[in-house]
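> Structure for the following, please:
(one chain, ligands or ions: 2)
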Amino acid sequence: MQQVLKYLEQNQTRFIGELCDYVRFPSVSAQPQHKGDLAACANWLHQHCQSVGLRSRLCPTEGNPIILARTFQQASRSRPHFLVYGQYDVLPAEPFELWQSPPFEPRIAGRSLFGRGACDNKGQHFAHLKAVEGYLKTGTELPCELTFLIEGEEEVGCTHLGAFLKSNREELKCEAIVISDTGIPSLKHPALTYSLRGIAAIEVEVRGPSRDLHSGIYGGSVENPAMALCQLLGKLRDKNGRITIPGFYDDVVPLTSYERKQLARLPFNEKEHRDFLGVPKLFGEKGYPPVEQRSARPTLEINGLTSGYQGDGSKTIIPAWARAKITMRLVPNQKPARIIKLAQQHLKRICPPAVRLEVKPGHGGEPYLVSPTSRKAQAALRALKTAFGCEPVLLREGGSIPIVTDFKKILGADALMLGLALPDDNPHSPNEKFSLDCFEKGMRMGAWLWQELAQN
Ligand code: BES
Ligand code: MN
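Ligands and ions are numbered 1, 2, ... in the order given. Here you go, the predicted model:
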């Protein structure tokens with residue numbers, strides 16, 4: 001083990017250079033013009049896995065290829081087997097003008113590596129890959145077998161991964177799936193995330209006149225779809241921050257007192273949080289502290305709102321239509337399909353008669369909850385403590401990784417979520433970065449993890 005740690009330390013500079021090479025690929029899965037970049041990125045990673053000493057396979061799908069890189073021969077697997085899941089696709093970098101340096105020209109400043117995808121998720125799974133390189137290149141025996149499963153469609157809903165898991169079920173059977181794609185409160189608070197929120201998306205469209213109308217000639221005698229939509233959406237949440245859709249909270253399981261106690265250990269300073277977000281005041285469901293509001297309570301957010309004229313100057317019209325994109329974050333045991341149905345029914349009920357309403361169901365993902373006190377969770381906590389040199393915390397996260405419930409259903413295995421993202425890493429935002437301290441500690445955590453997990 002000492003040899004592995006020494007190897008990781010001695011090769012830091014090269015590892016950082018390689019991570020920069022990886023981040024340089026504009027592997028944006030949402031934009032068709034980057035299809036070739038995704039293929040090139042997958043190919044680079046596949047070859048990199050081979051050079052590390054893994055048996056890597058580039059698996060084509062109808063979408064972007066999936067990389068399977070493992071420590072064992074096809075049929076020879078006698079030791080416990082763990083999966084490491086990651087994604088090589090990234091979110092679009094727009095708006096480009098808000099980046100201090102180009103998103104696909106990685107830049108190092110202090111202990112931060114800036115670039116789209118540096119944190120979400122290239123840097124995080126790359127730390128695991130380097131930890132395993134440490135074993136393979138020093139001839140240190142791994143106490144278990146590993147498979148890296150790195151996909152290229154996470155940011156567009158893991159379109160082809162479910163089918164891939166089903167058709168490779170036998171080969172992928174494992175004890176647990178390790179995922180580093182969540183956050184830690186600070187370098188002094190490494191974390192095991194044991195719950196994620198789920199998600200349910202809808203699109204609401206309100207249609208009025210058959211075309212945009214002169215707002216002077218007709219205004220006053222027809223309903224304005226933008227106004228009707230605003231009033232409709234305004235009714236979805238009350239002044240206490242509670243969602244008003246009947247039945248919305250029916251399946252919410254309250255936190256246990258053990259969980260409350262764990263969450264209370266997290267560092268939180270209201271003023272700092274407010275300043276960090278740039279808001280004059282925090283807002284959330286009454287009766288719950290902010291830490292719970294953003295991880296253990298369900299929400300409804302408007303992600304986009306469009307209607308009428310948005311260009312220069314003014315244009316006096318009654319718009320023909322208005323549209324909103326909405327996602328609801330769900331907590332155990334809410335079910336996306338039921339929540340979408342409840343939202344549809346409620347919106348139909350309260351829609352004013354002078355407009356037509358259409359509610360289109362969108363993607364969904366179930367919330368996830370796993371025991372934070374299982375033997376595997378304990379093993380992971382020990383690895384975190386050794387690598388970071390301080391006591392880890394238990395986290396519920398507000399974000400969603402819908403594929404974790406597929407892993408559970410198809411492979412029967414739970415996820416160990418050991419994220420390496422700091423609160424100011426800006427995933428999905430301009431100036432995304434990854435902390436080189438997290439990279440370094442993440443590699444060490446990766447190295448210790450297999451020792452701890454295999455002992456169980
Ligand atoms: N890494 C995130 C998910 C995440 C972020 C989990 C922070 C926990 C804490 C992932 O890449 C992501 O962005 N997921 C999307 C999923 C959605 C598009 C279905 C999300 O949460 O919005
Ligand atoms: Mn993401």
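> from here on, contacts and neighbour counts on C-alpha atoms
Fine.
> what does the stretch 251-400 of the chain put close to ligand 1?
Remark: the part of the stretch 251-400 of the chain in contact with ligand 1 comprises 397-400, using Cα under 6 Å from any ligand atom.
> Can I get the strand or helix carrying His48 in PDB? Just the C-alpha atoms.
Assigned by DSSP states H and E, His48 belongs to helix 35-52. Output in PDB follows, covering the C-alpha atoms of helix 35-52 (Å, rounded to 0.1, in the frame of the first residue of the first chain):
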ATOM      1  CA  LYS A  35     -20.800  14.100 -31.700                       C
ATOM      2  CA  GLY A  36     -17.300  13.700 -33.100                       C
ATOM      3  CA  ASP A  37     -15.700  15.200 -30.000                       C
ATOM      4  CA  LEU A  38     -17.600  12.600 -27.800                       C
ATOM      5  CA  ALA A  39     -16.300   9.800 -30.000                       C
ATOM      6  CA  ALA A  40     -12.700  11.200 -29.800                       C
ATOM      7  CA  CYS A  41     -13.000  11.600 -26.100                       C
ATOM      8  CA  ALA A  42     -14.200   8.100 -25.600                       C
ATOM      9  CA  ASN A  43     -11.400   6.800 -27.700                       C
ATOM     10  CA  TRP A  44      -8.800   8.700 -25.700                       C
ATOM     11  CA  LEU A  45     -10.200   7.400 -22.500                       C
ATOM     12  CA  HIS A  46     -10.300   3.800 -23.800                       C
ATOM     13  CA  GLN A  47      -6.700   4.000 -24.800                       C
ATOM     14  CA  HIS A  48      -5.800   5.700 -21.500                       C
ATOM     15  CA  CYS A  49      -7.400   2.800 -19.600                       C
ATOM     16  CA  GLN A  50      -5.400   0.400 -21.600                       C
ATOM     17  CA  SER A  51      -2.100   2.200 -21.000                       C
ATOM     18  CA  VAL A  52      -2.900   2.100 -17.200                       C
END
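> Which strands or helices does it pack on?
helix 12-23, strand 55-59, strand 66-70, helix 123-137 (3 or more Cα pairs under 8 Å, 6 or more residues apart in numbering; DSSP states H and E).
> Tell me how many other residues crowd the closest residue to Cys41 other than its chain neighbours.
The spatial neighbour of Cys41 that comes closest, neighbours along the chain excluded (Cα to Cα, 6 or more residues apart in numbering), is Phe25 at 5.9 Å. The tally of other residues near Phe25 (other Cα atoms under 10 Å) stands at 23.
> what does Ile177 give?
Residues near Ile177, counting by other Cα under 10 Å, number 26.
> What separation is there between it and Asp414?
Shown here: Ile177 relative to Asp414, a distance of 6 Å by Cα to Cα, to the nearest Å.
> For the stretch 201-350 of the chain, just list every one of the helices.
Assignment of helices within the stretch 201-350 of the chain using DSSP state H, counting those that start in this stretch yields the ranges 225-234, 257-264, 270-277, 290-293, 336-350.
> Where among those is average confidence lowest?
Mean pLDDT is lowest for helix 257-264 out of these, coming in at a mean of 90.
> Now it - C-alpha only, PDB.
The C-alpha trace of helix 257-264 is given here as PDB (Å, rounded to 0.1, in the frame of the first residue of the first chain):
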ATOM      1  CA  SER A 257     -33.700  11.600  14.500                       C
ATOM      2  CA  TYR A 258     -30.300   9.900  13.600                       C
ATOM      3  CA  GLU A 259     -30.400  11.700  10.300                       C
ATOM      4  CA  ARG A 260     -31.300  15.000  11.800                       C
ATOM      5  CA  LYS A 261     -28.400  14.700  14.200                       C
ATOM      6  CA  GLN A 262     -26.000  13.900  11.400                       C
ATOM      7  CA  LEU A 263     -27.300  16.900   9.300                       C
ATOM      8  CA  ALA A 264     -26.900  19.200  12.200                       C
END
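> Okay, buried residues for that helix please.
By 16 or more other Cα atoms under 10 Å, the buried positions in helix 257-264 come out as Leu263.
> next one: stretch 220-229
Within stretch 220-229, the residues scored as buried using 16+ other Cα under 10 Å are 223-226, 228-229.
> Ligand 1: which of the residues you listed is nearest?
Ligand 1 lies nearest to Leu229 out of the buried residues of stretch 220-229, by Cα to the nearest ligand atom, at 23.9 Å.
> Isn't that closest one up against Ala322?
Yes. When contacts are counted by Cα atoms under 8 Å, Leu229 is listed as touching Ala322 (6.6 Å).
> any shared contact partners between these two?
Residues within reach of Leu229 and of Ala322 at once, by Cα atoms under 8 Å, 6 or more residues apart in numbering, are 205-206.
> ok so, going back, Ile243 is nearest to which of the helices and strands packed on helix 35-52?
Of all the helices and strands packed on helix 35-52, helix 123-137 sits nearest to Ile243, with 34.9 Å by Cα to Cα.
> Give me the helices and strands touching the closest one, please.
helix 2-10, helix 12-23, helix 35-52, strand 81-87, helix 436-454.
> contact partners of the shortest one?
Where contact means Cα under 8 Å, 6+ apart, the residues beyond strand 81-87 that reach it are 121-122, 124-125, 128, 144-154, 172-181.
> 7 Å - rerun?
Strand 81-87 has contacts (Cα atoms under 7 Å, 6 or more residues apart in numbering) with 121-122, 125, 144-152, 154, 174-179.
> The residue of the stretch 51-200 of the chain found nearest ligand 1: neighbour count?
When distances are taken as Cα to the nearest ligand atom, the stretch 51-200 of the chain reaches nearest to ligand 1 at Thr182, 4.2 Å away. As a burial measure, Thr182 scores 26 neighbours (other Cα under 10 Å).
> thinking it is in contact with Ala415, fair?
No. The criterion here is Cα atoms under 7 Å, and Thr182 misses it with Ala415 at 11.9 Å.
> how about the helices in the stretch 351-456 of the chain?
Under DSSP H, counting those that start in this stretch, the stretch 351-456 of the chain gives helices at 375-388, 403-406, 436-454.
> State the mean pLDDT of the shortest one.
Mean pLDDT, computed over helix 403-406, is 95.
> That helix and ligand 1 in contact?
No. Using Cα under 6 Å from any ligand atom, helix 403-406 stays clear of ligand 1, coming no nearer than 9.0 Å.
> Residues contacting that helix, please?
162, 366, 368, 415.
> partners of the third one in the sheet?
Right, Tyr368. Under DSSP bridges, the beta-bridge partners of Tyr368 are Leu196.
> circling back to that earlier point, let's see the ChimeraX selection covering just the buried ones among the contacts of helix 403-406.
The ChimeraX selection below is limited to those of these classed as buried (16+ other Cα under 10 Å):
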select :366,368,415
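> List just the nearest of the contacts of helix 403-406 to ligand 1.
Distance to ligand 1, by Cα to the nearest ligand atom, is smallest for Glu366 among those, at 9.8 Å.
> Which pLDDT value belongs to that closest one?
Note for Glu366: predicted pLDDT of 96.
> Next, count neighbours for the spatially closest residue to it that is not a sequence neighbour.
Sequence neighbours aside, Gly198 is the residue nearest to Glu366 in space, at 4.4 Å (criterion: Cα to Cα, 6+ apart). By other Cα under 10 Å, the residues close to Gly198 number 26.
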